[in-house]
Structure formats: structure tokens, C-alpha cells
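S.K.: return atomic coordinates for the entry below.
(one chain, ligands or ions: 1)
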Amino acid sequence: MDDRANYKAAKELLAKAKRVLVSGHLSPDGDSLGSMIAMARMLRAAGYDAYATADVHALGKPGFLEGVADIIPVRRLKRRKFDLFVYVDCAAPNRLPPEVRPFAEKLPTLTIDHHATSVPAGAASIIDPSASSAGEIVWRFAKWMNWPLDRATAEALWVAIITDSGRFAYDSTSTGTMRAACDLLKYGVRTAWINDTLYCSFKTKSMELKRRAWRSLHIWKNRKVAEVTLTRDDFREVRGTKADAEDVIEIPRQAARNEIALFFYQIPDRTHETRVSIRTREPHDATLLAARFGGGGHLRAAGCTVKGGMAIAKRQVRKAVKEMLSGKMKPAEEPPKEKEAVPKEKDVVVPKEKDVVVPKEKEAVPNAT
Ligand SMILES: [Mn+2]
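M.R.: Model (predicted):
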């Protein structure tokens with residue numbers, strides 16, 4: 001686990017490569033997208049034929065980054081040839097876009113990640129669960145490699161770090177995070193403009209999804225659990241995607257005394273699956289809950305996909321939540337049921353708030369929204 005040994009292994013792997021494909025997880029968030037763009041840009045500047053790949057139609061707000069123009073859409077990957085694959089911010093191969101998986105299987109791989117559930121895999125791995133973001137690790141490695149940065153690369157890493165650290169608010173924010181941020185500012189990162197673009201510029205459909213999510217707010221178990229729901233119809237009617245509902249999980253998290261926040265949603269283009277974003281506060285381990293349904297993530301932020309419609313998903317997840325609250329949930333007691341893509345995850349801060357008004361019903365039991 002010595003960083004230096006891992007850096008060296010990564011460097012050796014890179015020395016053997018010419019054409020590098022970089023990918024993050026499905027529906028890339030700011031960290032995933034920023035990290036892959038920065039990695040590809042720095043590799044190109046270092047003489048590699050390097051490209052990031054993503055579903056360019058699902059980028060959400062971080063899609064403003066300059067490096068997005070160079071991304072190869074996942075659907076156009078087929079005819080391309082590469083000799084090294086780099087994973088960034090991706091906890092497991094099953095979280096990669098399906099079009100990318102064949103490359104991950106065939107090529108030598110370098111893993112750069114900060115997920116608690118990530119395990120060293122492939123030819124070389126740089127994994128640090130204490131890092132605020134994959135972007136922070138990419139920055140560290142870039143400095144160690146003496147790669148030059150420019151503004152566009154710095155902005156990609158800045159976005160990676162601020163989105164995953166909650167704008168330097170979460171517990172994962174460390175002196176190392178600030179060191180990285182401090183260095184990035186030297187390259188002319190447009191901080192206020194990026195902040196406005198990411199956090200203060202919601203489209204009408206995004207505002208509408210939030211309005212619907214607020215209306216769905218359900219708080220139970222003596223306020224310890226709060227959940228919001230967006231159905232397939234909500235997305236369809238608004239013509240929105242998951243990217244338009246990125247921060248909806250913050251709604252249930254705002255309730256006073258909240259320990260477990262849940263966001264149940266169904267994306268419009270899939271059938272019979274319900275996705276769940278999970279945020280927890282001490283002492284609850286979000287990965288434990290997600291793992292029950294084959295998902296993963298971080299200690300305080302995780303996600304999973306439940307096979308089945310909304311009512312089934314709610315029944316199963318609420319049952320697991322009750323188990324968790326009663327301290328009966330044990331780690332890894334069950335084999336993962338379903339290898340499936342999970343929604344994005346971030347680490348989470350614990351704001352303290354006064355009372356929040358909490359309408360609504362009693363306890364668990366299905367609720368077919
Ligand atoms: Mn991340």
C-alpha cells in the first residue's frame with residue numbers, strides 16, 4: 001500500500017503503453033469526469049495517444065469542462081485500438097459503461113480510485129480511500145510524474161475535488177486536499193464561475209424534479225430516516241435524466257436528526273429496476289446497506305440498484321434500513337445478489353440544523369409511488 005511503490009508500478013506500466021483509454025464510472029459525476037479528462041489531457045501532453053471515454057449525453061453540469069470536446073463517446077469506441085486502460089473513480093468493473101468493459105477485460109489496467117470498496121486490480125493500482133476524490137489522487141500522481149498542468153486540466157481537477165469534497169466541507173477534506181487545490185489555483189482556475197455553473201444554474205426541468213422530490217419527502221423512524229422519490233413518469237414528464245436530479249439526495253439529508261437519507265428513482269430508459277442513493281451519518285455505514293443489494297460506494301455515501309419496481313425496492317430497502325438502525329446488520333454476511341451499475345456516490349458532510357418541519361406518514365411498508 002506504499003504510495004511510492006504504486007506510483008512506480010503505474011509509471012512502469014505507462015512506459016510500456018502508447019495508446020491509452022481512460023474511463024470513469026457509468027453516468028460520470030464531477031470527480032469521475034474531471035479525473036478522466038485531466039488524466040487524458042496530461043497523458044496527451046506527455047506524448048501519449050490518450051483519450052477519455054464517456055456517455056457524452058449523460059454528463060450533467062460538469063459537462064462544461066473544456067476537455068469534454070476530446071472525449072470519445074462510448075458508442076464510438078468499437079473501432080479504436082488501445083494498449084492500456086486506466087480506470088478513475090470507479091469502484092468495480094461492473095460500474096464501467098458496458099461499452100468500455102471489453103477494454104477493461106482485455107487490456108493491462110491502471111486503477112486510480114478512492115472508493116472504500118475498491119480493491120487493487122489489474123497491473124497497477126493507486127487506491128486511497130482517505131482521499132477526498134479521485135481527482136486529488138490524480139493530482140498527486142501527476143506531480144510525482146512531473147507532468148505539466150494547464151488551466152483546462154487544473155479546472156477539470158478542481159471540479160473533481162470540489163464536487164466530491166462538498167466544496168471542501170466533508171470530512172474527507174484534508175490538508176492534502178487543500179494542497180492540491182492550492183496548486184491548482186496557480187493555473188488560473190475560474191473558481192466563482194465554476195461555482196455558479198455547477199451550483200447556481202439549474203435548468204427548469206431540474207427545478208421541477210426538485211419540486212417533485214420535495215413533495216415526495218417522507219420522514220420516518222423518529223426522523224432518523226428520510227426519503228424522496230422520483231418515478232419514471234417524473235423524469236418523462238419533465239424530460240429530464242438522472243443528471244438533472246444530481247443533488248436531490250440533499251433534500252432528505254437536510255432533515256434534523258436525519259441518520260439515513262434515501263433517494264429512490266427510476267431512470268426512464270430501463271425497465272423494472274429501481275435505483276437508490278444512500279447517505280448516512282455516524283454510525284451507519286452506507287456501503288453495508290448498498291452491498292445488501294449488490295451496490296457499493298463510500299462509508300457515508302453509496303448506491304445500489306434493486307431489481308424490481310418502486311414498491312418492491314422500497315419494501316426491501318426499508319426492511320434493511322430497519323435492520324441497520326437496530327444494529328442487526330452485519331458486514332458481508334450475504335453474497336452480492338446482482339452485479340449492476342449503481343448510482344453515483346460522494347462523501348458527505350454532517351451539517352447541524354434546527355428543527356425541520358416533518359409531515360407525513362408513520363413507518364415503513366411499501367408505498368407504491
Ligand atoms: Mn469520486
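S.K.: give me every residue in the stretch 151-300 of the chain lying close to the ion.
M.R.: Contact residues, the stretch 151-300 of the chain versus the ion (Cβ under 5 Å from the ion): Asp164. The way it works is simple: take the backbone N, C-alpha and C, and place the C-beta from them, glycine included.
S.K.: hmm, who's touching the helix or strand bottoming out on mean pLDDT in the chain?
M.R.: Across the helices and strands of the chain, mean confidence by mean pLDDT, DSSP states H and E is lowest for strand 296-297: a mean of 87. Around strand 296-297, the neighbours that count as contacts under Cβ atoms under 8 Å, 6 or more residues apart in numbering are 91-92, 95, 115-117, 278, 286-287, 290, 302-304, 342, 345.
S.K.: now for Trp214, how many residues are close by?
M.R.: For Trp214, the count of nearby residues is 12 (other Cβ atoms under 10 Å).
S.K.: so what's Val159 up against?
M.R.: Contacts of Val159 by Cβ under 8 Å, 6+ apart are 30, 33-34, 62, 65, 135, 194, 198.
S.K.: by neighbour count, which of those residues wins?
M.R.: Gly135 (37 neighbours).
S.K.: got the contact list for that residue?
M.R.: The neighbourhood of Gly135, defined by Cβ under 8 Å, 6+ apart, consists of 31, 34-35, 38, 89, 156-161, 164, 180.
S.K.: which SSE is it in?
M.R.: Using DSSP states H and E, Gly135 sits in helix 134-145.
S.K.: how about the very next helix or strand once past that helix: buried residues?
M.R.: Next helix or strand after helix 134-145 toward the C-terminus (DSSP H and E): helix 151-164. Across helix 151-164, burial judged by 16 or more other Cβ atoms under 10 Å covers 152-164.
S.K.: and for stretch 310-322?
M.R.: For stretch 310-322, by 16+ other Cβ under 10 Å, it's 310, 313-318, 320-322.
S.K.: and of these, the nearest to the ion?
M.R.: Nearest to the ion among the buried residues of stretch 310-322: Val317, at 22.8 Å, using Cβ to the ion.
S.K.: OK, contacts around that closest one?
M.R.: 262, 264, 276, 289, 293, 306.
S.K.: picking up where we left off before, could you work out the most separated pair of the contacts of strand 296-297?
M.R.: Farthest apart among the contacts of strand 296-297 by Cβ to Cβ are Ala92 and Ile278. That separation is 16.5 Å.
S.K.: in which helix or strand would I find the residue in the chain positioned nearest to the ion?
M.R.: Scanning the chain for proximity to the ion using Cβ to the ion identifies Asp31 as nearest, at 3.5 Å. Using DSSP H and E, Asp31 sits within helix 30-45.
S.K.: can I get that helix as CSV, trimmed to CA atoms?
M.R.: Coordinates of each C-alpha in helix 30-45 appear next as CSV, following Å, rounded to 0.1, in the frame of the first residue of the first chain:
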residue,chain,number,x,y,z
GLY,A,30,-17.8,15.7,-11.4
ASP,A,31,-15.0,13.6,-9.9
SER,A,32,-15.2,10.9,-12.5
LEU,A,33,-15.4,13.2,-15.4
GLY,A,34,-12.8,15.7,-14.1
SER,A,35,-10.4,13.0,-13.3
MET,A,36,-10.6,11.2,-16.6
ILE,A,37,-10.3,14.5,-18.6
ALA,A,38,-7.3,15.6,-16.6
MET,A,39,-5.7,12.2,-16.9
ALA,A,40,-6.2,12.1,-20.7
ARG,A,41,-5.0,15.7,-21.1
MET,A,42,-1.9,15.2,-19.1
LEU,A,43,-1.1,11.9,-20.9
ARG,A,44,-1.5,13.6,-24.3
ALA,A,45,0.7,16.4,-23.2
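S.K.: hang on, the earlier thing: buried ones among the contacts of strand 296-297?
M.R.: 91-92, 95, 115-117, 278, 286-287, 290, 302-304, 342, 345.
S.K.: show me which residues of the stretch 1-150 of the chain sit near the ion.
M.R.: 31, 89, 134.
S.K.: wait, the first one touches Ala160, no?
M.R.: Yes. Judged on Cβ atoms under 8 Å, Asp31 makes contact with Ala160 at a distance of 4.4 Å.
S.K.: what is in contact with those two at once?
M.R.: Shared contacts of Asp31 and Ala160, defined by Cβ under 8 Å, 6+ apart, comprise 89, 133-135.
S.K.: include pLDDT and distance to Arg253 when you put those residues into CSV, please.
M.R.: Formatted as CSV, the shared contacts of Asp31 and Ala160 follow (pLDDT from 0 to 100; distance: Cβ to Cβ, whole Å):
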residue, pLDDT, distance to Arg253
Asp89, 94, 22
Ser133, 97, 19
Ala134, 97, 23
Gly135, 98, 23
